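Visitor: Need the 3D shape of this:
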Amino acid sequence: MPEVSLGAARSRRWTLRAVAGNGAVPALLTTAYAGATWSSPNRGLILLVAVVSALTGALLWVLSDRLARAPRAWMAALLTGAAVNLAGGAVLGLLDGGVAGPFGALVPGAVVLLATVLSRRVFPVVAGFSLLAYGAVVLWGEPAPAGYVLVNILAFAGSATLCRRHIAVLSALRRRLADGSRTDPLTGCLNRRGFDRRLAAELAGAERAGSPVTLVLLDLDHFKTVNDRDGHQAGDDLLVWTGRELSAWGPVGRLGGDEFALLLTGSGVATAVDRIRERMRLYAPASLGFATFPADAADASELYAAADRKLYADKAARDRHAPAAEAVAAVRTDLASRAAGPSSPKTPKTGRKRHAIADPGWMAMAQTSVAAVYVLLFTAGNPHRTGMIALCAWGFLTGLALVAASGWVSGSRLARPLMLAFAVSSFVSCGAIAILDGGVSGVLGIGILLAIPLLMLGMRPAVAGPVAVTAVALYALVAVIAGGAGFWYVLIHLVGTGVVAVATAMLGRTAAQQRRRLTDLSRTDVLTDVLNRRGFAEGFAAAPAHALLLFDLDGFKQLNDTHGHAAGDELLRWVAGTLRASVHPRDLVARLGGDEFVVLLREAGSATSTAERLQAALGERTAASVGVAVVGLDGTDFDRLYAVADSRLYADKSLRGRASTAATSATTQSAERLRKPARNEPVVSFTAPSA
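Guide: Model prediction:
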């Protein structure tokens with residue numbers, strides 16, 4: 001299952017197109033404006049600026065694919081596009097009305113968009129240039145009403161800051177989810193996907209530098225005995241300890257079960273491997289095989305194959321034995337003293353939702369604070385001053401309440417109606433303040449539109465879309481009721497806001513798609529495509545369940561040792577597919593590690609009968625022991641149910657005495673399947689695990 005990512009090229013292409021659209025769309029409207037008002041001054045120059053902006057935007061859009069693949073050219077094009085947009089907006093403001101004219105919001109509006117798409121290294125440079133451009137309009141353009149410049153700078157800066165803050169939250173979430181999709185939830189080591197990505201990066205670096213990279217494969221000796229003798233929790237603890245010990249030497253991956261991989265760089269590999277073997281011998285004896293790039297292999301696949309051959313040669317040459325019970329107990333004591341193993345990374349869904357809910361509250365507080373400053377400093381003679389102050393207080397307090405209650409609201413079923421009610425209250429307050437201040441062309445008129453980009457960025461389209469349409473309708477209504485603004489002034493402001501809103505909505509949708517994909521990857525076992533330990537834990541907590549069934553394949557270790565990991569991997573995939581096809585769609589199937597699978601039954605019924613039916617289905621290829629724990633009767637939390645099911649699983653294994661015959665069954669049937677594939681079924685052969 002390939003890892004999802006926007007990819008550097010795709011991300012750069014999207015950013016460039018957002019900047020191109022921000023220049024081209026307003027330019028087309030400006031062209032229409034110049035034609036409709038041709039008799040007014042400077043229309044020829046306005047048309048020229050519009051044409052230059054439109055052509056620049058079109059050129060960037062057409063070349064975006066090519067530029068995205070060349071980072072330096074892309075950066076130059078991006079900065080050029082941003083500079084043309086900002087300079088064009090400033091020139092238009094100078095030519096027609098100044099900062100309070102129809103084009104006065106083009107420069108600060110572009111900054112809000114650029115805040116969402118530019119990196120933190122580039123944005124300060126562009127923001128500084130935009131401040132100079134806006135300052136030029138203020139100094140040399142037509143004078144604005146008292147307080148207009150201050151309010152616009154503070155309001156747009158607040159909007160850009162909150163949009164940028166939200167993007168930072170999304171970026172942090174994306175990094176955490178990406179890390180989770182590459183990490184084994186039990187040991188904290190890299191999983192197959194993550195390790196293969198790291199191996200590919202190390203090989204690429206080694207090829208450039210001409211330095212060696214060594215892949216070490218480890219397989220714990222008779223690890224199954226630990227699970228059978230001491231229980232799966234003891235086995236899990238031994239795996240966690242192994243991952244921690246190996247991580248002291250270099251990047252470590254858990255490829256599955258008790259199989260680990262380690263990367264070593266530089267020389268002295270044989271000595272390092274001997275030291276690793278000695279350290280492991282104390283608590284978790286292991287067979288090791290290693291191969292070095294480029295001496296032993298030319299690529300990752302050959303490196304895996306060479307190391308795997310040496311691993312099995314080491315198995316055959318050594319007198320292997322299971323870790324002693326005392327050694328396992330010592331490992332568990334050591335882990336307990338260090339607060340046990342790493343906790344499974346959790347998908348930070350609630351934190352993201354809480355931020356998305358709190359952001360409109362922060363926006364309301366910022367807007368009303370700016371409005372209050374304006375009212376107190378510049379409206380001494382306004383007869384509606386008291387009303388405006390009251391509306392500012394209402395907006396600030398409701399925003400404060402939303403921020404304070406964002407944690408509760410994020411987990412409430414009333415989140416959507418509460419957010420809709422807050423949005424309506426905020427926009428109505430902004431509209432009322434604008435009416436009292438003289439309409440949309442007044443100092444506070446832009447406040448009705450300022451929150452739209454942030455809403456489109458952080459809220460679901462089903463909620464943000466209707467709210468944005470309502471805000472636009474309110475802006476138009478205020479323009480009609482209060483008067484004072486011409487048709488083109490209103491239209492240009494609406495179109496400019498619309499361009500930014502569309503861009504932020506697309507960014508929000510893309511981020512949401514990526515979050516869902518990365519979340520799925522972080523919850524899914526790389527090999528079998530069923531849930532992993534992390535995904536099962538989240539699914540267990542999400543909805544009521546009836547029973548937990550724990551399966552353990554008998555003789556699986558012998559299959560791996562005799563016929564190689566390809567045979568074992570093929571059997572694990574078949575078991576996962578069989579379990580998933582044999583249960584209700586609402587039931588959960590997960591691979592907890594190695595050959596251990598768990599099924600969570602959602603529907604009430606005979607758990608024992610279901611377990612026997614699944615056991616019989618697996619019997620087509622391999623025998624399996626099973627333990628059953630019923631929710632409520634045997635416990636309610638996962639740890640208790642797991643412990644009960646685990647004890648019953650080993651009772652089942654011991655009672656029926658099938659382990660020795662099952663080893664032959666699993667080995668024979670799975671090996672036969674590899675030798676004689678079914679019709680239309682591909683032959684399975686060993687390759688490096690895919691990313």
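
Visitor: separation between Gly289 and Gly257?
Guide: 16 Å (CB to CB, to the nearest Å). Just so you know, the C-beta spots here come from the backbone N, C-alpha and C atoms, and that holds for glycine as well.

Visitor: Can you pick out the residue with more neighbours from these two?
Guide: Gly257 (24 against 20; other CB atoms under 10 Å).

Visitor: so what pLDDT did the more buried one get?
Guide: Looking at Gly257, its pLDDT is 76.

Visitor: Does it touch Leu592 like I think?
Guide: No: using CB atoms under 8 Å, Gly257 is not in contact with Leu592; the gap is 10.4 Å.

Visitor: Endpoints of stretch 117-127, how far apart?
Guide: 13 Å (CA to CA, to the nearest Å).

Visitor: what comes up buried for it?
Guide: Using 16 or more other CB atoms under 10 Å as the test for burial, stretch 117-127 gives Val117, Leu118, Val122, Phe123, Val126, Ala127.

Visitor: Pick out whichever of these sits closest to Val467.
Guide: Distance ranking of those against Val467, using CB to CB, places Val117 first at 22.5 Å.

Visitor: Quick check: phi and psi at the closest one.
Guide: Dihedral pair for Val117: phi -120, psi -20, per degrees, to the nearest 10.

Visitor: Could you give the number of residues near the nearest residue to it once chain neighbours are set aside?
Guide: Residue nearest to Val117 in three dimensions, not counting chain neighbours: Thr15, with 4.5 Å by CB to CB, 6 or more residues apart in numbering. Thr15 has 23 neighbouring residues, counting by other CB under 10 Å.

Visitor: pLDDT weak spots in this structure?
Guide: Within the chain, the ranges that satisfy pLDDT under 70 run 1-8, 338-352, 561, 564-565, 656-691.

Visitor: Which segments of it make up each domain?
Guide: 1-144, 186-337, 344-521, 533-675 (automatic domain parsing).

Visitor: Ok, which of those comes nearest Leu150?
Guide: Nearest to Leu150, of the domains of the chain and by CB to CB, is domain 344-521 at 7.2 Å.

Visitor: how far away is Trp213 from Gly250?
Guide: Trp isn't right for residue 213; it's Val. Applying CB to CB to Val213 and Gly250 gives a distance of 10 Å.

Visitor: which of the two has more neighbours?
Guide: Val213 (24 against 17).

Visitor: phi, psi of that one?
Guide: Per-residue torsions, Val213: phi -130, psi 130 (degrees, to the nearest 10).

Visitor: Which positions are bridged to it in the beta structure?
Guide: Thr265, Phe293 (DSSP bridges).

Visitor: burial of the closest residue in space to Arg591 that isn't next to it in sequence, as a residue count?
Guide: In space, and not counting its chain neighbours, Arg591 is closest to Asp525: 4.5 Å by CB to CB, 6+ apart. Asp525: 28 surrounding residues under other CB under 10 Å.

Visitor: picking that back up, overlap of the contact sets of Val213 and Gly250?
Guide: Common neighbours of Val213 and Gly250 (criterion: CB atoms under 8 Å, 6 or more residues apart in numbering): Leu263, Leu264, Thr265.

Visitor: isn't Ile433 right up against Ala371?
Guide: Yes: Ile433 lies in contact with Ala371 (CB under 8 Å); the separation is 6.0 Å.

Visitor: Report the set of residues contacting both of those two.
Guide: Counting by CB under 8 Å, 6+ apart, the common neighbours of Ile433 and Ala371 are Met388, Cys392, Leu444, Gly447.

Visitor: Make TSV from these and add neighbour count and secondary structure to it.
Guide: Shown next, in TSV, are the shared contacts of Ile433 and Ala371 (neighbours: other CB atoms under 10 Å; DSSP: H, G, I helix; E, B strand; the rest coil):
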residue	neighbour count	secondary structure
Met388	23	helix
Cys392	23	helix
Leu444	28	coil
Gly447	27	helix
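
Visitor: Return the residues in contact with Ser406.
Guide: Arg354, His355, Ile357, Ala358, Gly361.

Visitor: what's the spacing between the closest residue to Asp65 other than its chain neighbours and Arg193?
Guide: Among residues not flanking Asp65 along the chain, Arg13 sits closest, at 6.1 Å (CB to CB, 6+ apart). Taking CB to CB as the criterion, Arg13 is separated from Arg193 by 25 Å.

Visitor: picking up where we left off before, quick one, which of the domains of the chain is nearest to Phe156?
Guide: Closest to Phe156 of those, according to CB to CB: domain 1-144, at 3.6 Å.

Visitor: For the closest residue to Gly250 other than its chain neighbours, grab phi and psi.
Guide: Ranked by CB to CB, 6+ apart and with sequence neighbours excluded, the top spatial neighbour of Gly250 is Leu263, at 4.9 Å. In terms of degrees, to the nearest 10, the main-chain angles of Leu263 are phi -110, psi 130.

Visitor: How about Thr528?
Guide: Per degrees, to the nearest 10, the backbone of Thr528 is at phi -100, psi -10.

Visitor: looking at it, it is touching Thr578, isn't it?
Guide: No: with contact defined as CB under 8 Å, Thr528 does not count as touching Thr578 (10.7 Å).

Visitor: Those two: which has the busier surroundings?
Guide: Regarding Thr528 and Thr578, a neighbour count based on other CB under 10 Å identifies Thr528 as having more, with 22 against 18.
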